[in-house]
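Student: sequence and predicted structure below; questions after.
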Amino acid sequence: QVQLVESGGGLVQAGGSLRLSCAASGLNFRNYAMGWFRQAPGKEREFVATINWTGGITEYANSVKGRFTISRDNAKNTVYLQMNSLKPEDTAVYYCAASANLWRGPSEVNRYTYWGQGTQVTVSS
């Protein structure tokens, strides 16, 4: 069965950095675009970043552009999210997801087929 397992979350001070990882199994990783989403308490799940199957096309939410970087290692079936200059408003549960739209990762939640369980990121002020 397909599994996406996130790791790397935690508590960090504002201005700090974290690197999230998402290890995929049970699917042909190269056949999927990968995305990162987040959900804060009381809010809807929102798009953060996406990367196509080659890693050559990435897109970001305006709120994280210039601070976050998404990347992938197809040999390791893993996608990463490097988060720098973190702000308290980045506090959320972060989810990775896989989309069959492999050529260009979508930003819509409903275009992703598989989801991880999430990892908590808390940024203190």
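Tutor: Here it is on my side, so go on.
Student: neighbours around Leu11, how many?
Tutor: 12 (other CB atoms under 10 Å). C-beta here means a position set from N, CA and C on the backbone, and glycine is covered the same way.
Student: so it is in which element?
Tutor: Applying DSSP states H and E as the criterion places Leu11 in strand 10-13.
Student: and the end-to-end length of stretch 26-44?
Tutor: With CA to CA, to the nearest Å as the measure, stretch 26-44 spans 28 Å from end to end.
Student: circling back: helices or strands next to the strand holding Leu11 in the packing?
Tutor: strand 119-124 (3 or more CB pairs under 8 Å, 6 or more residues apart in numbering; DSSP states H and E).
Student: now stretch 21-30: buried residues?
Tutor: 21-24, 27, 29 (16 or more other CB atoms under 10 Å).
Student: which two in those residues are spaced the farthest apart?
Tutor: Ser21 and Leu27 (16.6 Å; CB to CB).
Student: which residue is nearest the middle of the chain?
Tutor: Trp36 (2.2 Å; CA atoms, centre = their mean).
Student: contact partners for that one?
Tutor: 20, 22, 48-50, 70, 79, 81, 94-97 (CB atoms under 8 Å, 6 or more residues apart in numbering).
Student: pretty sure it is in a strand, no?
Tutor: Yes - Trp36 forms part of a strand when assessed by DSSP: H, G, I helix; E, B strand; the rest coil.
Student: quick one: it and Thr54, what's the gap?
Tutor: Trp36 sits at a distance of 17 Å from Thr54 (criterion: CB to CB, to the nearest Å).
Student: state the helix or strand in which Ala97 lies.
Tutor: Using DSSP H and E, Ala97 falls in strand 92-99.
Student: redo the contacts of Trp36 as a markdown table? Include pLDDT.
Tutor: Listed next are the contacts of Trp36 as a markdown table, based on pLDDT from 0 to 100:
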| residue | pLDDT |
| --- | --- |
| Leu20 | 98 |
| Cys22 | 98 |
| Val48 | 98 |
| Ala49 | 98 |
| Thr50 | 98 |
| Ile70 | 98 |
| Val79 | 98 |
| Leu81 | 98 |
| Tyr94 | 98 |
| Tyr95 | 98 |
| Cys96 | 98 |
| Ala97 | 98 |
